[in-house]
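>>> need a structure here:
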Amino acid sequence: MTALTGETGAGKTLLVEALGLVLGARASGDIVRAGAREALVEARFHILDEGGTERETVLARSVPAGNGRSRAWVDGRMVPVTALAELAPTLVDIHGQHDHQSLLSSSAQRRALDEFAGIDTNRLRAAVGRLRSLTEELDALGGDEGERARQLDILAFQIEELTAAGLEDLDEEQALATEEERLSISVRISKPQPEHS
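Here you go, the predicted model:
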């Protein structure tokens, strides 16, 4: 951990903003010193991996004066600026008065506690993955529990309506259509015909 302290105007903000730039923060040409063509920030990180091997990563960011696009490099290779932002959480976590603090995240706290206690979370991650898969399958079969309850209410209402209608003949609709046609013909026949002179 590195703590930056000092009186107001000592340059703490300047240093933190430069670090933010090299880690993919938004940038505008206003940060370039008057008379300069660009602002160039480089940072070198020594990283200790899980096996205890140390490796070095060098990040660089160039911000042109005016409205030009900034450029970024990782280990001397040009990359999109978004690549810096993707690397940032694995390299630095800035804790300040108004900056993002990962320690306040419950998932980060759980991870730290599990690591401190030496807990193997592989089985838990597998169980969470299986639960997610089963939930997706369940949703594909019929939605959530509330949706199923609404569907059951609608079906129960429709069954009640059909039962109250007292339908007994499955061919009743066809029989009613035949009866309607028969009545229509009988009405036409029963009408008095105009006399021809």
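>>> domains in this structure, as residue ranges please.
With domains defined by automatic domain parsing, the chain comprises 12-101, 123-183.
>>> just how off-centre is the longest one within its chain?
What that stands for is domain 12-101. Relative to its chain's centre, domain 12-101 lies at 26 Å (Cα atoms, centre = their mean, to the nearest Å).
>>> going forward, count from 34.
Right, with 34 as the first residue, what we last looked at is domain 45-134.
>>> average pLDDT across it?
Domain 45-134 shows a mean pLDDT of 81.
>>> repeat for the shortest one
This predicted structure assigns domain 156-216 an average pLDDT of 83.
>>> with mean neighbour count and distance to Thr35 as new columns, can the domains of the chain be given to me in JSON lines?
No exception for glycine: its C-beta is placed from N, CA and C like everyone else's. Shown next, in JSON lines, are the domains of the chain (neighbours: other Cβ atoms under 10 Å; distance: least, Cβ to Cβ, whole Å):
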{"stretch": "domain 45-134", "mean neighbour count": "14", "distance to Thr35": "9"}
{"stretch": "domain 156-216", "mean neighbour count": "10", "distance to Thr35": "32"}
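>>> in JSON lines: those, plus distance to Arg143.
JSON lines is the format used below for the domains of the chain (distance: least, Cβ to Cβ, whole Å):
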{"stretch": "domain 45-134", "distance to Arg143": "16"}
{"stretch": "domain 156-216", "distance to Arg143": "10"}
